[in-house]
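Peer 1: Got a predicted structure plus its sequence, pasted below:
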Amino acid sequence: MAVLLSVLGIVLFVLGVLISVALHELGHMVSAKAFGMKVAQFFVGFGRTVWSTQRGGTEYGIKAIPVGGFVRLVGVFPPATGEDRTKLRMASTGPIRSTVELVRRAEYETVTPEDDGRLYYQKAWWKKLIVRASGPLVNVMIAFVLFGGLFMLYGANVAQTTVDTVTDCVIPASQTTAHRQCTDTDKVSPAKQAGFEVGDRIVSFNGTRVSSWDQLTPLIRANTDKPATIVVERNGAEKTLTTSTIVDRVRDGAGADKFVSVGFLGVSPEMRAERQGLGYVVDTMGELTVATVEAIGNFPQELVGVAKAIAGGDRDQDSPMSVVGASRVAGEIASNQSLTGGERVAFLVSLLASLNLFLALFNFIPLLPLDGGHMLGAIWEGIRRGLAKRLHRPDPGYVDIVKLLPVAYVAASVIVVMGVLLVIADLVNPIRITAG
């Protein structure tokens, strides 16, 4: 049964990824056709064509390798300035120049005189910008819908004032990643000394009434190593517990390498799913966007740790993973018998929503061949033409983005290498998700 659930989780997640990719490309295609651009192909996947059909001048189909997808917009690579696109010259000597000219020739093999005015490069810069932004924005919309449905219909885990676990001892921060057990030489935690029990509901801390865990946490942290009197409700009656919190060093939210000294008690809260409003969805997506942007910025540094993990080192739980790794996690959660059916579905929805948000933000990176690189070219074209018009100078025309192809090839190669590294790491040293 566990194997069947695991396979089901993987299949559903992969299907969700494919649908997300298809909708991403659909965003490009719909906006392109709305602006009268010629769309030659719309495919999901790469490699050999499994199935295709011709509709309205566009070939729709599915490729054999279910990873990614593409929309072919005709005229993305324009002819050189002053050159007739119907009489493109043969490739010249020099590998870079030859590649550029061959790409131009290939771009116009299927272009007919009737396509004049429908080519991508002939359209206004703002139309190009919208077409390129439409794909990632669809992923943002998917993430918003998934997170919204999850938080507003099922709920978000909210920490309660009821104690779920009591820490037995205080393990030095340098040893917490080893998941070691308490030893006789470890200091007993303040909560254990006070006599906390699982199920205790914290009523007050040093005379301050407590109504939420978010209210309790800063009180404990500010108490550092001072005495603490905590009132709890146990079996319907209030009981007063006394102890002294100790100073612990924890990571500061301002940076992964910064630590702050705070008070430590040694209890963790019971988590309960509670339905949230639209504001919570917006706030959460805002926080996740900032965290994802920071993660993308730290990507090269994180890959060093991934490479070490491939060689046998410890794999950081927060390190990036590929779609292969995410699929494995989906299968692991789907077969986790300690979780309820609702919790499993909620985790899978959250995983797919987070992936869509990442895909959107990654595609916004202003570097070819990503959508952000094309968006940057469109914006630069708008700036050049706008300045020329304001200064009463000749129109500089479109931006010849094909000249940046060598840079695009290098960037694409780096992205492929990074992807391969992540896949290898997810196969030989995967991230293990513990839940329940």
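Peer 2: Perfect, thanks for sending it. Everything numeric in this text was worked out from a predicted model, so none of it was measured.

Peer 1: make it CA atoms for all contacts and neighbour counts henceforth
Peer 2: Noted.

Peer 1: For residue 354, which three-state class applies?
Peer 2: Here residue 354 is recorded as helix under DSSP: H, G, I helix; E, B strand; the rest coil.

Peer 1: nearest spatial neighbour of it, skipping sequence neighbours?
Peer 2: Once flanking residues are discounted, residue 354 sits nearest to residue 143: 6.7 Å by CA to CA, 6 or more residues apart in numbering.

Peer 1: residue contacts, the one you found?
Peer 2: 352, 353, 354, 356, 357 (CA atoms under 8 Å, 6 or more residues apart in numbering).

Peer 1: surely the fourth one meets residue 140?
Peer 2: Meaning residue 356. Yes - counting by CA atoms under 8 Å, residue 356 touches residue 140, with 6.6 Å between them.

Peer 1: Please identify which of the two sits among more neighbours.
Peer 2: Per other CA atoms under 10 Å, whichever of residue 356 and residue 140 has more neighbours is residue 356, with 27 against 22.

Peer 1: residue contacts, that one?
Peer 2: Taking CA under 8 Å, 6+ apart, we find residue 356 in contact with 20, 139, 140, 142, 143.

Peer 1: still on that earlier bit, would you mind measuring from the residue nearest to residue 354 to residue 349?
Peer 2: Distance, residue 143 to residue 349, by CA to CA, to the nearest Å: 9 Å.

Peer 1: hmm, back to that, and the two most separated of the contacts of residue 143?
Peer 2: Using CA to CA, the pair of the contacts of residue 143 lying farthest apart is 352 and 357, separated by 8.8 Å.

Peer 1: coming back round to it: ok so the residue nearest to residue 354 is a helix residue?
Peer 2: Yes - counting by three-state DSSP, residue 143 is found in a helix.

Peer 1: heads up, I number from 694, so please use that
Peer 2: Got it, the first residue is 694 from now on, which makes the last one we talked about residue 836.

Peer 1: Walking through the stretch 894-1043 of the chain, point out its strands one by one.
Peer 2: Ranges of strands in the stretch 894-1043 of the chain, per DSSP state E, counting those that start in this stretch, are 894-898, 901-902, 920-927, 930-937, 939-944, 952-957, 960-967.

Peer 1: how about residue 804, what does it touch?
Peer 2: Counting by CA under 8 Å, 6+ apart, residue 804 makes contact with residue 767.

Peer 1: and the gap between it and residue 1092?
Peer 2: Relative to residue 1092, residue 804 is positioned 20 Å away (CA to CA).

Peer 1: May I have the distance across stretch 1089-1109, first residue to last?
Peer 2: 35 Å.

Peer 1: low-confidence ranges in the stretch 694-843 of the chain?
Peer 2: Across the stretch 694-843 of the chain, residues meeting the criterion (pLDDT under 70) sit at 773-793.

Peer 1: Going by neighbour count, which residues of stretch 996-1013 are buried?
Peer 2: 996, 998, 999, 1000, 1002, 1003, 1008, 1013 (16 or more other CA atoms under 10 Å).

Peer 1: and of the residues you listed, the nearest to residue 965?
Peer 2: After measuring these against residue 965 - CA to CA - the closest member comes out as residue 1013, at 27.7 Å.

Peer 1: could you measure the closest one against residue 749, distance?
Peer 2: To residue 749, residue 1013 is 41 Å away according to CA to CA.

Peer 1: check which helix or strand covers residue 700.
Peer 2: Using DSSP states H and E, residue 700 falls within helix 695-727.

Peer 1: Can you give me the buried ones in that helix?
Peer 2: Neighbour counts over helix 695-727 (16+ other CA under 10 Å) mark 698-703, 705-707, 709-711, 713-725 as buried.

Peer 1: For residue 880, give me phi and psi.
Peer 2: Main-chain dihedrals, residue 880, degrees, to the nearest 10: phi -80, psi 140.

Peer 1: Count the neighbours of it for me.
Peer 2: Residue 880 is flanked by 13 other residues according to other CA under 10 Å.

Peer 1: And for the one 10 residues further on?
Peer 2: By other CA under 10 Å, the residues close to residue 890 number 17.

Peer 1: Out of the contacts of residue 836, which is nearest to residue 798?
Peer 2: Among the contacts of residue 836, and counting by CA to CA, the member closest to residue 798 is residue 1049, at 35.1 Å.
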